[in-house]
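1. Any chance you can model this:
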Amino acid sequence: MTFVADLEAFKTEKLGPIIAAGRLSLDGEVVGDPAALLRVALVNEVSVTDLASTWIPSTHEIDVKFAFARQANDEANHFQLVGDRLAALGIDITAFVAPPDNALFAYMKQLATTVERIAAGLFTLESIAYGVNENFMALCAQRGDHETVRIYREYIQPDEQAHQQLGQRLLAKYATTEASQAAARATVAKVIEIAHSARAAAAEKLGTACFPGC
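-> So this is what the prediction gives:
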């Protein structure tokens with residue numbers, strides 16, 4: 001657990017610029033199209049569902065296999081929640097088609113070892129999601145969109161936190177050698193590096209860094 005605690009501190013430090021960018025957006029004029037921001041959530045949720053599902057067949061450790069299955073199911077439920085919210089706002093998503101993988105998901109899909117996959121998907125990606133979702137919820141509250149805040153607070157955020165905690169426990173179990181721990185640390189750093197770059201580019205298009213994660 002000492003390794004996991006150290007890795008958690010490392011991850012938190014690396015996540016700082018991503019979370020700070022969202023908070024900085026909150027301090028300025030509230031901009032960004034609400035429907036466009038929720039569409040980002042749709043893309044994220046289906047992307048993580050696909051990612052976790054892709055890993056299931058080639059993951060041999062049964063507890064990790066079912067952790068990815070749980071993640072895929074939860075993210076699919078999040079997709080439905082966000083889709084229903086968009087429908088309530090008058091946005092039809094029946095023609096929604098997921099775009100090709102961005103650089104982050106392309107990187108994660110090629111990860112071959114169980115420790116790298118846990119570090120990337122459950123431990124890091126879900127921590128990014130939880131942090132940026134908090135900023136997104138604050139933006140929604142500023143807009144008076146309390147229903148979206150409720151959906152995230154009651155359903156999505158508890159799942160993201162549970163996934164991240166599951167990743168902690170699995171890393172404590174499987175990242176037990178110097179090589180596996182080094183791989184986990186490198187994976188955490190790489191995921192955050194790619195995510196930071198991708199979110200900065202998306203913020204330019206969306207007009208705000210307060211858009212949701214997955």
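
2. Tell me where the chain has helices.
-> Per DSSP state H, the chain carries helices over the ranges 2-27, 34-55, 62-88, 103-109, 114-117, 126-143, 146-151, 157-174, 178-206.

3. what packs against the shortest one?
-> So that's helix 114-117. When contacts are defined as 3 or more Cβ pairs under 8 Å, 6 or more residues apart in numbering; DSSP states H and E, helix 114-117 packs onto helix 62-88, helix 157-174, helix 178-206. For every residue, glycine as well, the C-beta is placed using N, CA and C.

4. Next, the contact list for residue 160, please.
-> Residue 160 is in contact with 126, 129-130, 133, 213, counting by Cβ atoms under 8 Å, 6 or more residues apart in numbering.

5. export the helices of the chain to CSV and tack on distance to residue 97 and mean pLDDT?
-> Converted to CSV, those look like this (distance: least, Cβ to Cβ, whole Å; pLDDT from 0 to 100):
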stretch, distance to residue 97, mean pLDDT
helix 2-27, 27, 93
helix 34-55, 10, 93
helix 62-88, 13, 97
helix 103-109, 16, 96
helix 114-117, 26, 98
helix 126-143, 22, 94
helix 146-151, 23, 96
helix 157-174, 24, 98
helix 178-206, 18, 95
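
6. ok, and which of those helices has the densest surroundings?
-> Ranked by mean neighbour count, the helices of the chain are led by helix 114-117 with a mean of 23 (mean count of other Cβ atoms under 10 Å).

7. Make a markdown table from the helices of the chain and add distance to residue 95 to it.
-> Listed next are the helices of the chain as a markdown table, based on distance: least, Cβ to Cβ, whole Å:
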| stretch | distance to residue 95 |
| --- | --- |
| helix 2-27 | 29 |
| helix 34-55 | 12 |
| helix 62-88 | 12 |
| helix 103-109 | 22 |
| helix 114-117 | 32 |
| helix 126-143 | 24 |
| helix 146-151 | 22 |
| helix 157-174 | 27 |
| helix 178-206 | 21 |
